[in-house]
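*Asks:* okay, here's the prediction I keep looking at, along with the sequence it came from:
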Amino acid sequence: MNIEHADSAPVKCVEVLLGKRTLVMGILNVTPDSFYDGGRLVDPGVARAHAQKLIEDGADILDLGGESTRPGAKPLNVNEEQARVLPVLERIVPLGVPVSVDTYHAGTARRALEMGAGIVNDISALRGDPGMVEVMAKANKPYVLMHMRGNPRNMQDDIHYDDVVSDICRFFEERIEFAVAHGMAESAIWLDPGFGFGKLLEHNLTMLRRLEEFKQFGRPLLVGTSNKGMIGSVLGLPVEDRLEGTAATVAVAIMNGADIVRVHDVRAMARVATMTDAIRRA
């Protein structure tokens with residue numbers, strides 16, 4: 001994957017090498033209202049310094065987001081999203097690791113890819129903006145297709161699944177078919193079952209236990225459980241005290257087939273991933 005500035009001057013040739021070990025995706029939220037670190041990283045200089053630390057701690061990928069998608073969060077217009085994300089993206093692309101941009105707006109995805117982002121992480125699975133599928137078909141870059149009921153404002157309302165894993169698998173099948181029918185390469189698609197996005201605790205735990213069933217599609221599997229409410233529900237702990245709970249979910253996810261784990265505490269979770277890989281891949 002060649003990462004370039006908007007002026008096409010090459011920065012560094014980096015690749016997302018899947019399969020040899022679990023990759024660690026470090027979360028870089030430049031939002032004032034993120035559930036975990038809201039407001040700390042809105043300044044582009046501070047965000048760049050944090051990105052550098054994530055890399056030093058072991059991040060293989062940086063996941064940059066400008067809109068909070070916690071339960072009940074209000075949508076952000078595309079202009080405000082770009083005002084938050086693009087100045088940071090310009091500063092972190094030269095750091096030399098792949099950058100994922102967390103957006104469901106086609107305009108933001110297009111600009112980010114032009115500026116050197118290598119991955120688009122879309123919570124809407126091509127449903128949030130009708131232009132996204134065309135952008136990704138032309139770019140032919142990795143695209144994270146995530147399962148979510150509804151949208152962040154209503155995803156936790158009236159939750160029901162006949163069988164959460166089977167229902168999500170049917171969703172993945174339909175969305176992959178849609179993407180391919182509209183010109184996207186199936187080989188570019190990564191899957192994320194969307195922990196905490198329209199799921200109750202029982203659904204999240206079931207998904208972890210049965211995670212390997214999502215591998216039936218032959219696509220890379222990304223798991224994001226870091227510090228989420230499911231951990232707080234089990235342990236009865238606030239968001240700033242969920243490190244050990246996150247570690248348990250990361251280890252189980254890797255044992256059950258996760259290829260990429262999306263985390264806040266990169267240093268600790270990179271160690272968890274290395275140890276779990278040693279067990280799983282021995």
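*Replies:* It's in.
*Asks:* following element in sequence after the strand or helix carrying residue 190, please.
*Replies:* Remark: residue 190 resides in strand 189-192, with elements defined by DSSP states H and E. As assigned by DSSP H and E, the chain's next helix or strand after strand 189-192 is helix 201-209.
*Asks:* give the pairing partners of the very next helix or strand once past that following helix; include direction for each.
*Replies:* Later in the chain than helix 201-209, the nearest helix or strand by DSSP H and E is strand 222-223. Take DSSP bridges as the rule and strand 222-223 pairs in its sheet with strand 260-263 (parallel).
*Asks:* pull out the buried positions in the next helix or strand after the partner strand.
*Replies:* Next in sequence after strand 260-263, counting helices and strands by DSSP H and E, comes helix 266-280. Within helix 266-280, the residues scored as buried using 16 or more other C-beta atoms under 10 Å are 266, 268, 269, 270, 272, 273, 276, 280. (Each C-beta comes from the backbone N, C-alpha and C, glycine too.)
*Asks:* helix, strand or coil: sort out residue 20 for me.
*Replies:* Look at residue 20: counting by DSSP: H, G, I helix; E, B strand; the rest coil, its state is coil.
*Asks:* where does it land on pLDDT?
*Replies:* Residue 20 carries a pLDDT value of 87.
*Asks:* and if you look at the one 10 residues further on?
*Replies:* Predicted confidence (pLDDT) at residue 30: the value is 91.
*Asks:* repeat that for residue 281.
*Replies:* For residue 281, the model assigns a pLDDT of 83.
*Asks:* go on, residue 44?
*Replies:* Looking at residue 44, its pLDDT reads 85.
*Asks:* what does residue 118 give?
*Replies:* Looking at residue 118, its pLDDT reads 96.
*Asks:* hang on, residue 106 packs against residue 138?
*Replies:* No: using C-beta atoms under 8 Å, residue 106 is not in contact with residue 138; the gap is 10.8 Å.
*Asks:* pick out whichever of those two has more residues nearby.
*Replies:* Between residue 106 and residue 138, counted using other C-beta atoms under 10 Å, residue 106 has the larger neighbour count: 21 against 12.
*Asks:* gap between the closest residue in space to the more buried one that isn't next to it in sequence and residue 114?
*Replies:* Spatial nearest neighbour of residue 106, excluding adjacent residues (C-beta to C-beta, 6 or more residues apart in numbering): residue 131 at 3.4 Å. Here the criterion is C-beta to C-beta, to the nearest Å. By it, residue 131 lies 15 Å from residue 114.
*Asks:* repeat for residue 102
*Replies:* Distance, residue 102 to residue 114, using C-beta to C-beta: 17 Å.
*Asks:* please identify which of those two sits among more neighbours.
*Replies:* residue 102 (26 against 14).
*Asks:* what sits against the more buried one?
*Replies:* By C-beta atoms under 8 Å, 6 or more residues apart in numbering, the contact list for residue 102 reads 63, 64, 65, 66, 67, 69, 121, 122, 123.
*Asks:* change it to 7 Å
*Replies:* Neighbouring residues of residue 102 by C-beta atoms under 7 Å, 6 or more residues apart in numbering: 63, 64, 65, 121.
*Asks:* then the first one would be within a helix, right?
*Replies:* No: Residue 63 sits outside any helix when classified using three-state DSSP, being strand.
*Asks:* quick check: closest non-adjacent residue to it.
*Replies:* The nearest residue in space to residue 63 (C-beta to C-beta, 6+ apart) is residue 100, at 4.4 Å.
*Asks:* do the third one as well
*Replies:* For residue 65, the nearest residue in space outside its immediate sequence neighbours is residue 102; the separation is 3.4 Å by C-beta to C-beta, 6+ apart.
*Asks:* phi, psi for the spatially closest residue to residue 273 that is not a sequence neighbour please.
*Replies:* In space, and not counting its chain neighbours, residue 273 is closest to residue 22: 4.4 Å by C-beta to C-beta, 6+ apart. Dihedral angles of residue 22 (phi, psi; degrees, to the nearest 10) stand at phi -70, psi 130.
*Asks:* one more: the one 3 residues further on?
*Replies:* Taking degrees, to the nearest 10, you get phi -100, psi 120 for the backbone angles of residue 25.
*Asks:* can you pull up the bridge partners for it?
*Replies:* residue 61, residue 262.
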